[in-house]
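J.: sequence first, then the predicted structure, then my questions.
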Amino acid sequence: MATNTYTPRLLTRYRGDITAKMMESFKFKNRMAVPRVDKIVINMGVGEGLQDIKILERAMEELGAITGQKPIMRRAKKAISNFKVREGGPVGCKVTLRRVRMYEFMDRLINVALPRIRDFRGVSSDSFDKAGNFTMGLTEQGIFPEIDYDRITRAQGMDITFVIKNAKTIDQARELLRAFGMPFEIKEKG
């Protein structure tokens, strides 16, 4: 039985530099009290999947290529007649990343994909919920290098949620993501 000794770059940085800086700045006495990213959930809502299942299948292929993990199909929980949605109809796809794949995805998102956005000024630093989780939206999947831009039939947006454990305040969660290199927008005074 072969053991996998590969450690992602961001995980190595978290265990070394980030944990020490967070302990010092927030006065944590124990390394286990330092906030950490528990999982990343990527969700694609594909409303057109109701009329044409091929659009949803293509979105699932692209999300699988981006994350390296097979997405699950999400189905409608309720029927909504105004949107022609039936209960149990396909409405999107979702992937939950943990451990090695999570850190690899975060590295590619922060260092490769986000800088490819045209006129990028940073992600909003106000997108935290009360528990300290951070959610951001992307308008198209073409910014990821795994997607061949010429083969995209339609632009498909996605929501990316960073679930953060042990963050007592939003400032702790924001500082954790900033230490990983998340490019938060700079608010202008005035």
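T.: Nice, I can see it.

J.: quick one: average confidence on the lengthiest strand in the chain?
T.: If each strand of the chain is counted by residues according to DSSP state E, the longest one is strand 36-45. The average pLDDT for strand 36-45 rounds to 90.

J.: what's the residue closest to the geometric middle of the protein?
T.: When C-alpha atoms, centre = their mean is applied to the chain, the residue found nearest the centroid is Ile160 (3.2 Å).

J.: correct me if wrong: that one contacts Leu138.
T.: Yes: here Ile160 reaches Leu138: they are 6.9 Å apart, a contact under C-beta atoms under 8 Å. Bear in mind the C-beta positions are built from the backbone N, C-alpha and C, glycine included.

J.: one step back: just checking, what packs against the very next helix or strand once past the longest strand of the chain?
T.: Following strand 36-45 in sequence order, the next helix or strand is helix 53-67 (DSSP states H and E). Helix 53-67 sits against strand 36-45, strand 90-97, helix 99-108, with contacts defined as 3 or more C-beta pairs under 8 Å, 6 or more residues apart in numbering; DSSP states H and E.

J.: ok, back up a step: neighbouring strands - and their directions - for the helix or strand containing the residue nearest to the centre of the chain?
T.: Using DSSP H and E, Ile160 maps to strand 158-165. Looking at strand 158-165 with DSSP bridges, its partner strands are strand 36-45 (antiparallel), strand 134-138 (antiparallel).

J.: now do the same end-to-end measure for stretch 5-24.
T.: The first and last residues of stretch 5-24 sit 30 Å apart, counting by C-alpha to C-alpha, to the nearest Å.
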